[in-house]
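J.: Quick one: sequence and predicted model below, then my questions.
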Amino acid sequence: MNTIFVIGQIIGIASISVALLFALAKLVSRRSHVQDGYGSAVLITGCDSGFGHQLARVLDDKGFVVFAGCLAPEGPGAQSLAEKSSSNLKVLKLDVTSNEEVQQAKKTVLENLPDKGLWAVVSNAGITDWAEIEWSSIEDFQRMIDINLFGSIRVSSAFLPLVRAAKGRMVFMSSIFAFFNCLNMGAYSVSKRGLEAFADCLRVEMASFGVKVSIIQPGNFGQATNILKMKTGLDIWEKLDGERKQIFNLQYMELANEYFMSTCKGGFKDANMVIDAMLHAVTSSRPKYRYLLVSTVDMLFFQLFPFLPTALTDAVFSLSPMYGKRKALLYAK
């Protein structure tokens, strides 16, 4: 009887302890967030669609003054954003590859800045495309880097003094492909790896000023954003010169296209995980340095990947059925 009584007490104490810890965690979580956005502004690039579009809506609902940078302010995405949001959301024409448009956007922000200033800049604008390195021209690399890397640098350089004055946040949209090297993502990986190097250096420099820098690393969210550029194997193959057409035949191009598209279809159907991470990076008093956003099943692999020997990580890709088919089809007539 005494044993049963003691066990009951232990279970009771354990239950109460768990409940108290849960309540404490909730309390800490609440206190770790900025209470509201009233009087603070956020600039987001790439709001025509995807992550930027959705984040702009969420921050507007939370009372922030939102400057939504759009490539096409007269387009359907920007118009929808303006129509469904409050008067605190302002759509800006912002091509991140244009120094002139970045400076004009800064002028507009300064003219409409609320009392608490510019709290955060979310560098979200970006593009993606797939192709092996030998299929890509220098122009393909330049376009990818100018938008994904230099676009973020342009915007950061222009708006950093305002964020520094508010002791606010700089948030950068990266990708798992910043560290996960694989077929078909060469140009994209180069742009995102460079972006993370920039953000890491900026975080160290800004620590003295109280500015926090976060990197968002989404996995497969292609279906949730419609960022993928639709094309066929023939579209790529026709761009190749005669020598490369002998190596990378059309049959292989079509196979690569089918494999890539089918892989993307297996990703997340909505962007909720990414939006939650971006919101945390903007509003939490303790934002993370990095937000790795993959499935629970993939999380351990991607957390370990950067620390594994190169020979091992390269070997992982050879296990893909695509690699076996690739070897069989290269040079095939």
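T.: That came in fine, so what should we check first?
J.: next helix or strand past the least confident helix or strand in the chain by mean pLDDT?
T.: The least trusted helix or strand in the chain, going by mean pLDDT, DSSP states H and E, turns out to be helix 2-31, with a mean of 47. For helix 2-31, the succeeding helix or strand toward the C-terminus, using DSSP states H and E, is strand 41-44.
J.: hmm, who's touching that following strand?
T.: Among residues not part of strand 41-44, those counted as contacts by C-beta atoms under 8 Å, 6 or more residues apart in numbering are 52, 55-56, 59, 64-69, 105, 109, 113-114, 116-122, 124, 155, 159, 282. Where C-beta positions appear, they are placed from N, C-alpha and C, glycine not excepted.
J.: Tell me the secondary structure at S214.
T.: Secondary structure, DSSP: H, G, I helix; E, B strand; the rest coil: S214 is strand.
J.: Helix, strand, or coil at the closest residue to it other than its chain neighbours?
T.: The shortest distance from S214 to any non-neighbouring residue, by C-beta to C-beta, 6 or more residues apart in numbering, is to A281 (3.9 Å). Of the three states, A281 takes helix under three-state DSSP.
J.: ditto for the one 10 residues further on
T.: Each residue gets one of three states, and Y291 gets strand by three-state DSSP.
J.: any idea what sits nearest the residue nearest to the spatial centre of the chain, other than its immediate chain neighbours?
T.: Residue closest to the average C-alpha location in the chain (C-alpha atoms, centre = their mean): M173, at 3.2 Å. Nearest residue to M173, sequence neighbours excluded (C-beta to C-beta, 6+ apart): N124, at 4.5 Å.
J.: what's the answer for F141, then?
T.: Using C-beta to C-beta, 6+ apart, the nearest residue to F141 is A187, at 4.9 Å.
J.: Next one: that neighbour from F64, what distance?
T.: 34 Å (C-beta to C-beta, to the nearest Å).
J.: out of the contacts of strand 41-44, which are inside helices?
T.: G52, L55, A56, L59, A105, V109, V155, F159, V282 (DSSP state H).
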